[in-house]
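Trainee: Using only what follows, build the 3D model:
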Amino acid sequence: MKLRKFIRGEHFHFQMLDDSGNIILASQAYTSKDARDNGIESVKKNIGSPDRYDEITEGGQSFFILKAGNNQEIARSIGYTDMAAMAKAKSYALGLNKGSSGSTGTTSSASTPAAQPDGGEAYGTDGKGDDYKPLNFYVKNGSG
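Mentor: Here you go, the predicted model:
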């Protein structure tokens, strides 16, 4: 799994990506780098524990949520309309399926990992700085 840290506006975020670059988990907005980094450490601590996951449906899409020991949400998946694809991505997060995540959300087929919208390759981070994709990626994938 790869880690991606970034800043959106005045908030700090992170995403956990599968080996193909598909988003498995995305964080909430944090007001500081230290708070975001604490969230990352909490994900590392809890990601392999099946009892730390919940599944919810909002707005016609299903999500799985990773929670800390205090029951606070740490990160959540992208939205899925295909429950089998969501189960496959959740299994990947749990470390049960080291292949592609099938992290299809609502934009790609259930059998093919989602392509990078900007046409670029997925990449990791050194964990020391904030990494950014080309502007076109954020234009196509931005929300809120």
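Trainee: Strands of the protein, start to end?
Mentor: For the chain, the strands defined by DSSP state E occupy 2-8, 11-17, 23-27, 53-58, 61-67, 73-76.
Trainee: Could you tell me which strands the fourth one is paired with, and in which direction each runs?
Mentor: Translated: strand 53-58. strand 61-67 (antiparallel) (DSSP bridges).
Trainee: got the buried residues for the strand it pairs with?
Mentor: By neighbour count with 16 or more other CB atoms under 10 Å, strand 61-67 contains the buried residues Ser62, Phe63, Phe64, Leu66, Lys67. From N, CA and C alone the C-beta is placed, and that goes for glycine too.
Trainee: repeat for stretch 27-42
Mentor: In stretch 27-42, counting by 16+ other CB under 10 Å, buried: Ser27, Gln28, Tyr30, Arg36, Gly39, Ile40, Ser42.
Trainee: pLDDT of it, averaged?
Mentor: The average pLDDT for stretch 27-42 rounds to 94.
Trainee: Who are the packing partners of the longest helix anywhere in the chain?
Mentor: When the chain is parsed with DSSP state H, its longest helix is helix 33-46. Under the contact definition 3 or more CB pairs under 8 Å, 6 or more residues apart in numbering; DSSP states H and E, helix 33-46 sits against strand 2-8, strand 11-17, strand 23-27, strand 61-67, strand 73-76.
Trainee: Where does the prediction get shaky in this protein?
Mentor: 96-144 (pLDDT under 70).
Trainee: again, only using 90
Mentor: Under the criterion pLDDT under 90, the flagged ranges of the chain are 1-2, 18-21, 95-144.
Trainee: Which residues lie in contact with Leu25 in this structure?
Mentor: Listed by CB atoms under 8 Å, 6 or more residues apart in numbering, the contact set of Leu25 reads Gln15, Met16, Val43, Ile47, Leu66, Ala75, Arg76, Ser77, Ala93.
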